[in-house]
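Undergrad: need coordinates for the below:
(one chain, ligands or ions: 1)
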Amino acid sequence: MAKSGRKAAFSALDKHRKRLEDQPMRVQFAIDPNRFKRYSASAGDILLDYSKNRIDEEALAALFDLARSVDVEGRRDAMCEGEHINITEDRAVMHMALRYQGDKPVPVDGQDVMPGIREVLGRMKSFTDDVRNGTIRGNTGEQFTDVVNIGIGGSDLGPAMVTLALEPYTRADLRAHYVSNVDGAHIHDTLKRLDPAKTMFIIASKTFTTDETMTNAATARAWLANALGDQAVNDHFAAVSTNLESTGKFGIRADRTFGFWDWVGGRYSVWSAIGLPIALAVGFENFDRVLKGADAMDRHFLTTPLEDNLPVIMAVLGVWYRNVWGFSTHAVLPYDQRLSRFAAYLQQQDMESNGKSVTLAGKDVAWSTGPIVWGEPGTNGQHAFYQLIHQGTDVIPADFLIAAQPHEALPPHHDKLVANVLAQSEALMLGKTEDEVVTELKVAGMDKAKIKELTPHKVFPGNRPSNTLFYQKLTPETLGSLIALYEHKVFVQGVIWNVNSFDQWGVELGKQLAKALLPKVEGKATGEGHDSSTQGLLAYYQANKTKD
Ligand code: F6P
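TA: Reported below is the predicted structural model:
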């Protein structure tokens, strides 16, 4: 579809918005007892209830028409077939191959990538099995008790999020730590509790050039060598990268180096050897279950009609709010403490993918693209930022996530958690009218004047949209499916917005400037040539960096 075509398509949806403005969800629920049935769908054990959205049949049909008109299905097939859909880097986008469970060849640039994937998975299995059972030990013969993954962005967020989510599958005697920030506090505070003789490091970097990771890796290496001698590095370091030349130069032996490929984007790499710390923490079998869950979601995405396709439904709803209603943020609110890094993970997934303002053809987009994604687990968020979600001036579409079964037998915790998540989506949808507030205050025995004064503060506008994702239990399979669900949602939105969801040039400028500024920060050069703000800040730093 041409640029004007998309713009026109978004404008054409406006008539549906206008109609629905006069039909708040609470009215629609009252009229239609089948609304939940009509607007819910499932994939495996994941139920998506999207009935609490500002939609009706007509609006939804128009949204699916939009998805078809921009050829979501064709673009999806192009991705699967290894077309170089990442046009600015001239690369295929094949993260689905990393979790593919079938036996067909998966060609990329004329070569089946499955044997290579299986070879690395096999090596990951034997390595992680051997570390976990004590066959592979540290330089002094001690069994490893701590694994420190050093990486950032996609080489950190995915494994860190998954390890936390799968805590019930971890062992108390083998802990995973994640160091990402170049702020020395991060590695310092991590290492201070660790015993070098029992600590293994994984240097995870697709490029093996990322400054934060290389700086942390050098510090880790010095810490280890200082305690155990240089020769110990061999036994205590592993690497995950596409740049096998640089891993070798760093001194990491080949049998402890796990490769992946340039057709795996950093934010899509948790399924590759980047998952090594996950496999160490929860065992390779459980890591493999994560892959299987993701593959199940892939099958759903690839074969289910758009109208019943969870990622597509979530994607078009997101576009509806972003481009037709003008809502600029999207909240991810897991009622699952172990998903406390899920929103942070999705921030990279979504914002690095669709935070773009030119089309595939390099022209300015004439519509809004990726929203700001944010969130924290419930119920904690309820006591922090939900006030704004309920009564603020911005409407924030939200995804609630909740398991039907907890991992721990601690009644009444889980029933209370479920009651809270259901209450929040209900409250957001229903709101509370002026009449309801007045009646409530009268019943409470309040006098007329006080009721008049208080009522406006106690009214909730309602009609605030949310999805609820209900799943049986946060198992490795379910987690894999949930991550893949969001990946595909972001993909579909990228197609609708006509952007390249697979590059990230927007992070480069800051990196370049930081490199140029370093000698000036170190005091080896003056700040001349920079703007007055940067010069002023440099001067403040020089004046204060060694002051008592
Ligand atoms: O700075 C952005 C980014 O390129 C991400 O896309 C990537 O996940 C991260 O940096 C880390 O890159 P690498 O794995 O090459 O160290």
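Undergrad: name the residue closest to the centre of this protein, please.
TA: Among the residues of the chain, the one closest to the centroid is Leu346, at 1.9 Å (Cα atoms, centre = their mean).
Undergrad: which strands or helices does the helix or strand containing it pack on?
TA: Assessed by DSSP states H and E, Leu346 sits inside helix 342-346. Other elements packing on helix 342-346 under the criterion 3 or more Cβ pairs under 8 Å, 6 or more residues apart in numbering; DSSP states H and E are helix 157-165, strand 329-335, strand 372-374, helix 476-497. To be clear about C-beta, it is placed using only N, CA and C from the backbone, and glycine gets the same treatment.
Undergrad: which residues touch the residue in the stretch 351-500 of the chain that the ligand sits nearest to?
TA: Closest to the ligand within the stretch 351-500 of the chain is Glu352: 5.8 Å, counting by Cβ to the nearest ligand atom. Residues in contact with Glu352, defined by Cβ atoms under 8 Å, 6 or more residues apart in numbering, are Gly153, Arg267, Gln504, Gly506, Val507.
Undergrad: quick one, what contacts the second one?
TA: Translated: Arg267. For Arg267, the contact set (Cβ under 8 Å, 6+ apart) comprises Gly153, Gly154, Leu157, Gly158, Gln348, Gln349, Glu352, Ser353.
Undergrad: restricting to C-alpha, output stretch 218-237 in PDB.
TA: The C-alpha trace of stretch 218-237 is given here as PDB (Å, rounded to 0.1, in the frame of the first residue of the first chain):
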ATOM      1  CA  ALA A 218      38.000  -6.700  31.000                       C
ATOM      2  CA  THR A 219      37.200  -5.900  34.600                       C
ATOM      3  CA  ALA A 220      35.900  -9.400  35.200                       C
ATOM      4  CA  ARG A 221      39.000 -10.900  33.600                       C
ATOM      5  CA  ALA A 222      41.300  -8.700  35.800                       C
ATOM      6  CA  TRP A 223      39.300  -9.700  38.900                       C
ATOM      7  CA  LEU A 224      39.600 -13.400  38.100                       C
ATOM      8  CA  ALA A 225      43.300 -13.200  37.100                       C
ATOM      9  CA  ASN A 226      44.100 -11.300  40.200                       C
ATOM     10  CA  ALA A 227      42.700 -14.000  42.400                       C
ATOM     11  CA  LEU A 228      43.600 -17.100  40.500                       C
ATOM     12  CA  GLY A 229      46.300 -16.100  37.900                       C
ATOM     13  CA  ASP A 230      46.100 -15.500  34.200                       C
ATOM     14  CA  GLN A 231      46.000 -19.200  33.300                       C
ATOM     15  CA  ALA A 232      42.600 -19.500  35.100                       C
ATOM     16  CA  VAL A 233      40.900 -17.400  32.400                       C
ATOM     17  CA  ASN A 234      40.700 -20.400  30.200                       C
ATOM     18  CA  ASP A 235      38.600 -22.400  32.600                       C
ATOM     19  CA  HIS A 236      36.300 -19.500  33.800                       C
ATOM     20  CA  PHE A 237      35.200 -17.800  30.600                       C
END
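Undergrad: so which bits of that stretch are buried?
TA: For stretch 218-237, the neighbour count (16 or more other Cβ atoms under 10 Å) marks Thr219, Ala220, Arg221, Trp223, Leu224, Leu228, Ala232, Val233, Asp235, His236, Phe237 as buried.
Undergrad: from those, which single one is nearest the ligand?
TA: Ala220 (15.0 Å).
Undergrad: the closest one contacts Val147, doesn't it?
TA: No - the criterion here is Cβ atoms under 8 Å, and Ala220 misses it with Val147 at 11.8 Å.
Undergrad: who touches both of these two?
TA: Contact criterion Cβ under 8 Å, 6+ apart; residues bridging Ala220 and Val147 by contacting each: Phe201.
Undergrad: how about the residues of this structure near the ligand?
TA: Contact residues, the chain versus the ligand (Cβ under 6 Å from any ligand atom): 152-155, 205-207, 210, 213, 266-267, 352, 504, 507.
Undergrad: tell me the contacts of Asp109?
TA: Neighbouring residues of Asp109 by Cβ under 8 Å, 6+ apart: Gly82, Ala92.
Undergrad: residue ranges for the strands of the stretch 401-548 of the chain, please.
TA: 466-473 (DSSP state E, counting those that start in this stretch).
Undergrad: would you point out which residue of it is nearest the ligand?
TA: Residue nearest to the ligand within the stretch 401-548 of the chain: Val507 (3.9 Å; Cβ to the nearest ligand atom).
Undergrad: confidence score at that residue?
TA: pLDDT recorded at Val507 is 96.
Undergrad: need the contact list for Asp350.
TA: For Asp350, the contacting residues are His330, Gly370, Pro371, Val373, Tyr486, Val490, by Cβ under 8 Å, 6+ apart.
Undergrad: neighbours of the third one, how many?
TA: Pro371 has 22 neighbouring residues, counting by other Cβ atoms under 10 Å.
Undergrad: any idea how far Asn226 is from the residue of the stretch 251-400 of the chain found nearest the ligand?
TA: Distances between the stretch 251-400 of the chain and the ligand by Cβ to the nearest ligand atom are smallest at Gly266, namely 2.6 Å. From Gly266 across to Asn226, the span is 31 Å (Cβ to Cβ, to the nearest Å).
Undergrad: most neighbours among the residues of the chain next to the ligand, which one?
TA: With neighbours taken as other Cβ under 10 Å, the top of the residues of the chain next to the ligand is Ser155, carrying 31 neighbours.
Undergrad: low-confidence ranges, this protein, go.
TA: Low-confidence segments of the chain (pLDDT under 70): 1-4.
Undergrad: domains of it?
TA: Domain ranges of the chain: 3-69+304-423+466-501, 108-289, 431-463, 508-544, per automatic domain parsing.
Undergrad: okay if I get these as a markdown table plus distance to Val93?
TA: Formatted as a markdown table, those follow (distance: least, Cβ to Cβ, whole Å):
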| stretch | distance to Val93 |
| --- | --- |
| domain 3-69+304-423+466-501 | 8 |
| domain 108-289 | 6 |
| domain 431-463 | 37 |
| domain 508-544 | 20 |
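Undergrad: nearest to Lys198 among the helices and strands packed on helix 342-346 would be which one?
TA: helix 157-165 (18.2 Å; Cβ to Cβ).
Undergrad: run through who's touching that closest one.
TA: In contact with helix 157-165 (Cβ under 8 Å, 6+ apart) are residues 149, 151, 170, 176, 178, 180, 204, 267, 269-270, 274-278, 281-282, 290, 336, 338-342, 344-345, 348, 474, 479, 483.
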